[in-house]
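> Provided below are the primary sequence and the corresponding predicted coordinates.
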Amino acid sequence: MLEAKNSEPLLEVRNVTRRFGALIALDNVSFSVRKGEIFGIAGPNGSGKSTLFNVITGIPFPPSEGEVLLAGDPIHRMKPHQISRAGVLRTFQKDAEFATLSAGENVYASAVYCGQMTSAEAKHAAEQALDDVSLAGERRTKAASDLSVFERKQLMIASAIVGRPKVLLLDEPAAGLTKPEISGLSDLIRTVNGRGIAVVLIEHVLPLLLEVSEHLMILNHGAVIASGKPQDVVRNREVIEAYLGKREARL
Ligand SMILES: Nc1ncnc2c1ncn2[C@@H]1O[C@H](COP(=O)(O)OP(=O)(O)O)[C@@H](O)[C@H]1O
Ligand SMILES: [Mg+2]
């Protein structure tokens, strides 16, 4: 999808700060994601990664200061459902599906929420999204709570892409997966991206981040301490000291 990429920023975060009382969870963060890009974000626990997704999507709160733009239009004063309908969707670190609904019903519910689709269109879109993530047909009628950890990741991503986002924000999707499953997740992320969806990936699993990301940004104490080509960023002295430590040698 080379033609889908260009230098025009699709998602722009400009000087975003988020405070919780005296705590500054995000400190003047700026970056931009291009159309069709996979943009990786890493940083120690508590460095503000999830808060960044919170303020971009408005779920559950907006930035204290700064701006978020989608294709040049400000979205930071919009309500969460307006932001998702504009094309920015996220996943959560914890399972967020309806446990007693089947996989198919979960994705259908997301289709109805996200798009202005008729019931028939939503059903069709749900099947298409489940095909895209390769969830086996016979598993689609199982309650979400009966699915395996990897199948729940497939469901999570299907529920997000069914709304046809322009940008998909994934918050630590590899959590709980085995090594072979992480490789499956990597394929899944590439498939999503191959549909022309820009992906912003927060991840602790550095080999996955390095494998799929075209750009890598590191947060520490709410601030951007490095941003650039992944292989350059992981060799940055400040990044090694703040976060990677001895792990860098094992990459
Ligand atoms: N709703 C909240 N109220 C108060 N403090 C919060 C809230 N959300 C996050 N924080 C704090 O902001 C900091 C960043 O948290 P978070 O974005 O979850 O980090 P990460 O995802 O990088 O582990 C932490 O110190 C956390 O305790
Ligand atoms: Mg987090």
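Yep, it's here. A quick note: this is a predicted structure, and the numbers were derived from the prediction, not measured. Numbers count the residues shown, from 1 in each chain. Ligands and ions are numbered 1, 2, ... in the order given.
> mind checking how far the residue nearest to Thr141 when sequence neighbours are not counted is from Phe20?
Distances taken as C-beta to C-beta, 6 or more residues apart in numbering place Ser102 nearest to Thr141, at 5.1 Å, with adjacent residues excluded. C-beta here means a position set from N, CA and C on the backbone, and glycine is covered the same way. In this view, Ser102 and Phe20 are 38 Å apart by C-beta to C-beta, to the nearest Å.
> who's more crowded, the two?
Just comparing Ser102 and Phe20: by other C-beta atoms under 10 Å the higher neighbour count belongs to Ser102, 18 against 10.
> Bridged to the more buried one, which residues?
Here Ser102 sits in beta bridges with Ala143, as judged by DSSP bridges.
> who are the neighbours in contact with it?
Neighbour list for Ser102: Arg140, Thr141, Lys142, Ala143, Ala144 [criterion: C-beta atoms under 8 Å, 6 or more residues apart in numbering].
> Export the residues you listed as TSV, with columns for distance to Ser84.
Shown next, in TSV, are the contacts of Ser102 (distance: C-beta to C-beta, whole Å):
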residue	distance to Ser84
Arg140	23
Thr141	27
Lys142	26
Ala143	25
Ala144	20
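> Mind giving me the ChimeraX select for those residues, buried ones only?
Command for ChimeraX that selects the buried part of the contacts of Ser102, burial taken from 16 or more other C-beta atoms under 10 Å:
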select :140,142,144
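> so which of the contacts of Ser102 comes closest to ligand 1?
Closest approach between those and ligand 1, by C-beta to the nearest ligand atom: Ala144, at 24.1 Å.
> Distance check, the closest one against Ile41.
27 Å.
> do Val239 as well
12 Å.
> Comparing the two, which residue is more hemmed in?
The residue with more neighbours, out of Val239 and Ile41, is Ile41; 26 against 21, by other C-beta under 10 Å.
> Adding pLDDT and distance to Asn54, write the contacts of Ser102 out as a markdown table.
Formatted as a markdown table, the contacts of Ser102 follow (pLDDT from 0 to 100; distance: C-beta to C-beta, whole Å):
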| residue | pLDDT | distance to Asn54 |
| --- | --- | --- |
| Arg140 | 96 | 30 |
| Thr141 | 95 | 33 |
| Lys142 | 92 | 31 |
| Ala143 | 92 | 29 |
| Ala144 | 93 | 24 |
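> Assign a three-state SS to Thr17, would you?
Counting by DSSP: H, G, I helix; E, B strand; the rest coil, the backbone at Thr17 sits in strand.
> and it, how many neighbours does it have?
Neighbours around Thr17, by other C-beta under 10 Å: 17.
> pretty sure it contacts Asp27?
Yes. Using C-beta atoms under 8 Å, Thr17 is in contact with Asp27, at 6.0 Å.
> can I see the domain layout of this structure?
Domains of the chain are assigned by automatic domain parsing as 2-87+167-250, 97-164.
> Let's have those domains in JSON lines, adding distance to ligand 2.
JSON lines is the format used below for these (distance: least, C-beta to the ion, whole Å):
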{"stretch": "domain 2-87+167-250", "distance to ligand 2": "3"}
{"stretch": "domain 97-164", "distance to ligand 2": "15"}
